[in-house]
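Asker: Return a 3D structure for these sequence lines:
(2 chains)
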Amino acid sequence: MIEINNVSYSYSGVTALQNISLHIEKGEAIALLGPNGSGKSTLLKLINGIISPDQGTYTFDSEEVTGKKLSSAQFTKRLHQRIGFVFQNSDTQLFCADVYDEVAFGPRQMGLSEAEVDTRVNDCLSLLGIQSFKSRTPYHLSGGEKRKVAIACVLSLNPDILVLDEPMSGLDPRTQRWLVEFLVHLNKSGKTIITSTHNLELVPEISSRAILFDENHEIVGDMPSGQLLEDVDLLKRVNLVDQYYHCHQGSDHKHFHDHSF
Amino acid sequence: MDNNKLKMTQMPDMPKMQEMPKMPEMPGMPHWLLEDEKYSPQSDRDAFISKSIVGILSILSRIRTQDSRSTPKYSVNAAFKVAFTLLLLIMVSISQSTAFVTVIIVYLLVVLCTMQAIQIVKILKVSFIMSFFTFVILLPAALLGNTYSIVMITAKVFTSITAVNILSHSTRWNAITSALKRFFVPDIFILVLDITIKYIVMLGDFALNMLRALKLRSVGRNTSKYTSLSGIAGTMFIESKEMAEGMYDAMQCRGFDGEYHVNSHFQFTAADGAYILIQIAIIILFVYLGRT
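Answerer: Residues are numbered from 1 along each chain as shown, chains lettered A, B, ... in the order given. The predicted structure follows:
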């Protein structure tokens, strides 16, 4: 579905992606890991067609995504409908007067009838458990509620792929747990999920495959999530975990924990 | 007492997994979410979103490029550059000598040659555009026979804009604001300038992401573009208000009592000496040529 070959990208001469190659199949659940500034968010922007590669090729559904094609409104609108992007800061994604209009924004543009729009909005709101926020203004919601509204806005477009940039950041543990279960639920329903995260404990749950970036903006690991998390030397080498973090086998689960006390 | 024990006893008791509140059951997926979307987008006039994104990106890129620039070529103290650029503008403005203005243009072009190609292009582009508009506005004066004035004023506009742009492109903005202290500008005013530059970047990033989000969600025909834009403006206003309140609280927590002290470390270098000599030569030239 997504084929990225030898892609490099830089911001005003500052390298953000270095010779990245990646293949993502439909229905996969992928976690992007790496230290801050390693290129995860840039890769997500590339996948969403916000930027185009300086070098290399990006192919989505057998069609190459180039800078020229991204200047075609018809092409980008279809691409953006098929790939939904949930921003790290939900505030940037919400600009309508109330939550209902926010979720209805996309379906209305798609030319659906008002009855179909209403169905989609209500389905999304109940799926995310935010029906009671329907008439509230987005900027008065809490961080977790805003994140749910942002996800509902994207889901209402019925994208094939859901891309989430640090979706767990700033959420309380209960909302994080809810989001994990929701992403698993979506993935089981056939949606492709690509998530960038620093929350290593949740990686095996939200993804079957993990991709690891290093500080040179290159991919240094692409393997099943469990296998990657067991490679502590590799995680240390890319400065993703420090010496106090390690993985151990519990009675029925494994997790990273802090031994700094 | 053992430190580890102390820390451990201070940790609150974690609730056991069985005691955690149970998550509500995930509702079933609606049928439309399980089907492939058969959708062909309609065309819409929304190029303004992309143009706005490019505009904000270029401003942010310019500020960030300034910040990350290594400046061995331009190691002249910012205070000298600000002072002499101001003096140069005054001299060029009051000069009536074609020779003096010509010499200054040649001097500025020589300075430009020491800069990076991309900077030269940016500076000359602005200078030529502004000079062209000045020329067009003054064209009616040619009908009255004032061709000399047209040439002089256009040349002075070119010189002034080039000089200011060279200063702007060769000096970091925070160095310029710090240099203002040498001219007895109040510290609190310098603080306001510094914060303004910082928030241009922060709010610019926020606006950029909002426009990107609007673009990503604009998958068809938006019949209420102005509503979306006013929503973005409103959110920006709220964000800036929250940032301002957050910063005020943080400053108070750090002991801010309305006084702000700017420290500037000044060290005279050979580059400063050479620069001052050139500027003195220009002043002498102005005294002999400039006023006639």
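Asker: make it CA atoms for all contacts and neighbour counts henceforth
Answerer: Will do.
Asker: which residues touch residue 156?
Answerer: All of this is about chain A. With contact set as Cα atoms under 8 Å, 6 or more residues apart in numbering or on different chains, residue A:156 has these partners: A:103, A:104, A:106, A:107, A:120, A:121, A:124.
Asker: that's the wrong chain, I wanted chain B
Answerer: Contact analysis of residue B:156 by Cα under 8 Å, 6+ apart lists B:92, B:93, B:101.
Asker: same check, this time on residue A:195
Answerer: A:29, A:30, A:31, A:32, A:163, A:164, A:165, A:166, A:167.
Asker: does the residue nearest to the last one when sequence neighbours are not counted count as helix, strand or coil?
Answerer: Okay, so that is residue A:167. In this structure, residue A:167 finds its nearest non-sequential neighbour in residue A:88, 6.1 Å apart by Cα to Cα, 6 or more residues apart in numbering or on different chains. Three-state call for residue A:88 (DSSP: H, G, I helix; E, B strand; the rest coil): coil.
Asker: do the same with residue B:239
Answerer: Put simply, residue B:239 is helix when judged by three-state DSSP.
Asker: Next one: it, what pLDDT does it get?
Answerer: Listed pLDDT for residue B:239 reads 87.
Asker: Repeat that for the one 4 residues further on.
Answerer: Per-residue confidence for residue B:243 comes out at a pLDDT of 87.
Asker: quick revisit: of the contacts of residue A:156, which ones also sit close to chain B?
Answerer: Residues of the contacts of residue A:156 in contact with chain B (Cα under 8 Å from any Cα of the partner chain): residue A:106.
Asker: Can I have the buried ones of the contacts of residue A:156 as a PyMOL selection?
Answerer: Entered in PyMOL, the line below selects the buried ones among these, by 16 or more other Cα atoms under 10 Å in any protein chain shown:
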select buried, chain A and resi 103+104+106+107+120+121+124
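Asker: does residue A:157 belong to a helix or a strand, and which?
Answerer: Here residue A:157, judged by DSSP states H and E, is contained in no helix and no strand.
Asker: Settle this for me: it is touching residue A:109, isn't it.
Answerer: No: here residue A:157 does not reach residue A:109: they are 9.6 Å apart, not a contact under Cα atoms under 8 Å.
Asker: between those two, which one's more packed in?
Answerer: Ranked by neighbour count (other Cα atoms under 10 Å in any protein chain shown), residue A:157 and residue A:109 place residue A:157 first, with 27 against 21.
Asker: Backbone dihedrals for that one, please?
Answerer: Per-residue torsions, residue A:157: phi -80, psi -10 (degrees, to the nearest 10).
Asker: how about stretch B:174-192 as PDB, C-alpha atoms only?
Answerer: Extracted C-alpha coordinates of stretch B:174-192, given in PDB (Å, rounded to 0.1, in the frame of the first residue of the first chain):
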ATOM      1  CA  ASN B 174      18.700  38.800  19.000                       C
ATOM      2  CA  ALA B 175      22.100  40.400  18.400                       C
ATOM      3  CA  ILE B 176      20.400  43.500  17.000                       C
ATOM      4  CA  THR B 177      18.000  43.800  20.000                       C
ATOM      5  CA  SER B 178      20.900  43.300  22.400                       C
ATOM      6  CA  ALA B 179      22.900  46.000  20.500                       C
ATOM      7  CA  LEU B 180      20.000  48.400  21.200                       C
ATOM      8  CA  LYS B 181      21.200  48.500  24.800                       C
ATOM      9  CA  ARG B 182      24.300  50.500  23.600                       C
ATOM     10  CA  PHE B 183      21.900  53.200  22.400                       C
ATOM     11  CA  PHE B 184      20.300  53.500  25.800                       C
ATOM     12  CA  VAL B 185      17.100  51.800  24.800                       C
ATOM     13  CA  PRO B 186      15.300  50.600  28.000                       C
ATOM     14  CA  ASP B 187      15.900  47.000  28.900                       C
ATOM     15  CA  ILE B 188      12.200  46.300  29.200                       C
ATOM     16  CA  PHE B 189      11.700  47.400  25.600                       C
ATOM     17  CA  ILE B 190      14.500  45.000  24.500                       C
ATOM     18  CA  LEU B 191      12.700  42.300  26.400                       C
ATOM     19  CA  VAL B 192       9.500  43.000  24.600                       C
END
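Asker: circling back to that earlier point, can you flag which of the contacts of residue A:156 belong to helices?
Answerer: If you go by DSSP state H, the contacts of residue A:156 have A:103, A:104, A:106, A:107, A:120, A:121, A:124 in helices.
Asker: mind listing what's buried in stretch A:123-132?
Answerer: A:123, A:124, A:125, A:126, A:127, A:128, A:129, A:130, A:131.
Asker: Report pLDDT for the residue nearest to the first one when sequence neighbours are not counted.
Answerer: In space, not counting the residues next to it along the chain, residue A:123 is nearest to residue B:30; the distance is 6.5 Å by Cα to Cα, 6+ apart. The predicted local distance difference test score for residue B:30 is 86.
Asker: can you check the one 4 residues further on too?
Answerer: Reading off the confidence values, residue B:34 has pLDDT 85.
Asker: is any part of the helix or strand hosting residue A:174 close to chain B?
Answerer: Secondary-structure assignment from DSSP H and E places residue A:174 in helix A:173-188. Yes: looking at helix A:173-188 against chain B by Cα under 8 Å from any Cα, the contacts come from A:178, A:182, A:185.
Asker: In TSV: the residues you listed, plus neighbour count and pLDDT.
Answerer: Shown next, in TSV, are the residues of helix A:173-188 next to chain B (neighbours: other Cα atoms under 10 Å in any protein chain shown; pLDDT from 0 to 100):
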residue	neighbour count	pLDDT
A:178	15	88
A:182	17	90
A:185	17	89
